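> After the sequence you'll find the predicted model.
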Amino acid sequence: MRKIPVVLVAGFLGAGKTTLLNHLLANRDGARVGVVVNDFGSVNVDALAVAGQVDTMVSLGNGCLCCAVDTSGLDAMLGRLSSAEAGIDVIVVEASGIAEPRDLIRLMIASENPDIRYGGLAEVVDAAEFEAARERHPELADHLRLADLVVLNKADRVPAEALAKVTATVEELAPGRPLLVTSQGRVDPRLFFDPEPRGERAGQLSFDDLREDHDHSQHLHARYDTVTFTAGTPLAPRAFVEFLERRPAGLYRMKGQADFAADARFHLHTVGGFVQLERSPWPSGAPRRTELVLIGAGLDTGAVLAELRACVAPDPSVVDERGLMYITRYLPA
């Protein structure tokens, strides 16, 4: 069963989280998006800002999500969005500007909802206010290191020389973390979820149908690299785990299936430093092969493919039973 990714969007007040969320909603390519919006005031202004174009929304006002609910409370919220009746493809949680990312991730990882999976933490940073934010909030450095993707927003408000300095500082504080420099929250939705065509529609046009055409060359996916790797020969599990644990800087997502010559196939999902594998039977009659898609910024495509090819088992007829034990650390508990 396909699990719904839950994407966490965090960042200090005014960084542009709601703008980013609205951009995702306006460019979802037919995907149904569920949203949890958490504002700290008694009037949830952020919820009002996104309500007009979201499919299903849960609003939590007058309290910080990481303090206001425990795991069961979060599961109850997400359960309303992940039910089969809702038909949601992705859930986006916009945290309040004072939320603690570490606690949000702990809540998400501890979820007992079988219909969802962690979809990554995007930490939104205001490029124009970066130095002032660091001074007010020394914990910003920790937040950056926890993120699976750092979105350096409002780049259009910063002179080129100052922007280069801020970018270098962020890279120094969070080495290896994928960094996206953008304006007005323009983040390609495909970094977080995969829009799925819903076939021909009859009757009234949807919001997506009514949107004007726009220049796809300006999409953020133009700034990202996509690497596709396939192999008809099984992979050596130990070698592949080594690749996962030292994967190149800038690699944000990996998804697909892996063949380790075992009875089961393994579905791979990574966002930033988070790795998860899930086991399932091979479909009857389907070819057993590894098929992976990697998405990142500044990737050396040739080097990545060479490293993956080096993971192919030298003797595909031998199942590395001990090597499979390395894989189990990434299976759900």
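Received it, and whenever you're ready, just let me know what you need. Keep in mind that what you see is a predicted model, and the values were worked out from it rather than measured.
> part of a strand, is L8?
Yes: when classified by DSSP: H, G, I helix; E, B strand; the rest coil, L8 is found to be part of a strand.
> Just the mean pLDDT for the helix ranked longest in the chain, thanks.
Ranked by residue count under DSSP state H, the longest helix found in the chain is helix 160-173. Across helix 160-173, the average pLDDT comes to 94.
> change the start of the numbering to 3 and stick with it
Got it, first residue is 3 now, which makes that one helix 162-175.
> got the end-to-end distance for stretch 19-35?
Using Cα to Cα, to the nearest Å, the end-to-end distance of stretch 19-35 comes out at 16 Å.
> buried residues in it?
19-27, 29-30, 33-35 (16 or more other Cβ atoms under 10 Å). For every residue, glycine as well, the C-beta is placed using N, CA and C.
> With stretch 325-335 instead?
So, applying 16+ other Cβ under 10 Å, buried residues of stretch 325-335: G325, L326, Y328, I329, Y332.
> what's the distance between that stretch and the middle of its chain?
22 Å (Cα atoms, centre = their mean, to the nearest Å).
> Contacts made by that stretch with the rest, please.
Applying Cβ atoms under 8 Å, 6 or more residues apart in numbering, the contact partners of stretch 325-335 are 238-240, 242-243, 246, 262, 264, 268, 277-281.
> rerun that using 6 Å as the cut-off
P239, R240, V243, V277, Q278, L279 (Cβ atoms under 6 Å, 6 or more residues apart in numbering).
> just stretch 286-303 next, same as before
180, 226-234, 237, 252-261, 284.
> wait, what's in contact with the closest residue to G121 other than its chain neighbours?
Nearest residue to G121, sequence neighbours excluded (Cβ to Cβ, 6 or more residues apart in numbering): P7, at 3.1 Å. By Cβ under 6 Å, 6+ apart, the contact set of P7 is V92, R119, G121, F195.
> Okay, and which of those map to helices?
Per DSSP H, these never map to helices.
> Looking at the residues you listed, spot the one nearest L148.
Taking Cβ to Cβ as the measure, L148 lies nearest G121 of the contacts of P7, at 14.8 Å.
> My read is that the closest one contacts V9, right?
Yes: the criterion here is Cβ atoms under 6 Å, and G121 meets it with V9 at 4.1 Å.
> Kindly point out which residues are neighbours of both of the two.
F194.
> which residues does A143 contact?
When contacts are counted by Cβ under 6 Å, 6+ apart, A143 is found next to L175.
> List the buried residues for whatever helix or strand it lives in?
Assigned by DSSP states H and E, A143 falls within helix 142-148. Going by neighbour count (16+ other Cβ under 10 Å), the buried part of helix 142-148 is L142, H145, L146, R147, L148.
> and the third one, what does it touch?
Contacts here follow Cβ under 6 Å, 6+ apart; on that basis L146 touches V152, L175, A176.
> What distance do you get for it to A166?
Note on L146: its distance to A166, by Cβ to Cβ, to the nearest Å, is 17 Å.
> Repeat that for the fourth one.
From R147 over to A166 the distance is 21 Å, taken as Cβ to Cβ.
> One more: the first one?
From L142 over to A166 the distance is 19 Å, taken as Cβ to Cβ.
> and what of the second one?
Summarising the geometry, the distance separating H145 from A166, computed by Cβ to Cβ, is 22 Å.
> Give me the mean pLDDT for stretch 285-295.
89.
> List the buried residues for that stretch?
So for stretch 285-295, counting by 16+ other Cβ under 10 Å, buried means T292, E293, L294.
> Is L109 in contact with L76, as I believe?
Yes: the criterion here is Cβ under 6 Å, and L109 meets it with L76 at 5.0 Å.
> Show me which of the two is the more surrounded one.
Using other Cβ atoms under 10 Å, the more surrounded residue of L109 and L76 is L76, with 24 against 20.
> does A251 really touch P177, like I thought?
No: under the criterion of Cβ under 6 Å, A251 makes no contact with P177, lying 7.2 Å away.
> For I111, give me phi and psi.
Main-chain dihedrals, I111, degrees, to the nearest 10: phi -70, psi -30.
> Let me see the confidence value for V60.
62.
> Helix, strand or coil: sort out G258 for me.
G258 is classified as strand under three-state DSSP.
> L83 now?
helix.
> Please name the nearest non-neighbouring residue to it.
Using Cβ to Cβ, 6+ apart, the closest residue to L83 is G36 (3.6 Å).
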